[in-house]
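Chemist: next one to model:
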Amino acid sequence: MNTRKGKLIALVCFSFLSVLPLMAQASSDEKIEIEFVGFGTNPDFYGIVQKDDLAGSVLIVYQIGVPAPVASASLEGSSLKKALALPNIAPYGLSNKGLEGLTAAQGYSLVGTAVGNQFQISITNGQASVTLGYSPIVSDPSGLQFASVKIRNAYWTADGARVVVILHQKLSGEWGMDSDTIAAFTLAPAAPAPAPAP
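Modeler: Modelled structure (predicted):
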């Protein structure tokens, strides 16, 4: 087996996968923008800022593998710096900005493609590709019209073992939307550090 191909496959064989969509169905004229804040002291945790035209801005902490947020703080009337210092947010230590881009420092890259009503996210080293998982594609209420999807950006830990993927989804028509969703994956066993107490 080619060494590069073997390393890629071996890496993914030990993966624990998580997909964290923020929306399942679009609503009229909905726009949500997501900005990555950072990985936590325990890199299984990460923070994002979700900017919603209707609901305002909020800092959200997720744990890879857990679909619901583990902590959040409104940014309305406050700054991100103040929110990061709040008692329910500060213990996560969201200061690691990660490595931005579709290619990890180890040389493998993210690729994505629509497969029915799911967006398939994979990594490739140019010779082999391995699927990390799938993220739901937003649809209109009929379920017949689906959004176009692309990977907008990604943030990796330095060891390439964890990645947060920001997807951009755009749907035209009466139920039009132009919004971000996220998917997060770990390609290695969970970090040994205990989860911080909220």
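Chemist: the strands in this protein, which residues?
Modeler: Along the chain, the stretches classed as strands by DSSP state E are 16-18, 32-39, 45-52, 56-63, 71-74, 99-100, 109-115, 118-124, 129-136, 148-156, 162-171, 177-186.
Chemist: elements contacting the fourth one?
Modeler: The helices and strands touching strand 56-63, judged by 3 or more Cβ pairs under 8 Å, 6 or more residues apart in numbering; DSSP states H and E, are strand 45-52, strand 71-74, helix 80-84. Just so you know, the C-beta spots here come from the backbone N, C-alpha and C atoms, and that holds for glycine as well.
Chemist: now swap in the last one and tell me
Modeler: Judged by 3+ Cβ pairs under 8 Å, 6+ apart, the packing partners of strand 177-186 are strand 16-18, strand 32-39, strand 129-136, strand 162-171.
Chemist: any chance of those in TSV, plus distance to residue 109, mean neighbour count and mean pLDDT?
Modeler: Shown next, in TSV, are the helices and strands packed on strand 177-186 (distance: least, Cβ to Cβ, whole Å; neighbours: other Cβ atoms under 10 Å; pLDDT from 0 to 100):
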stretch	distance to residue 109	mean neighbour count	mean pLDDT
strand 16-18	18	16	35
strand 32-39	18	20	96
strand 129-136	10	18	91
strand 162-171	11	22	94
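Chemist: good, wrapping up.
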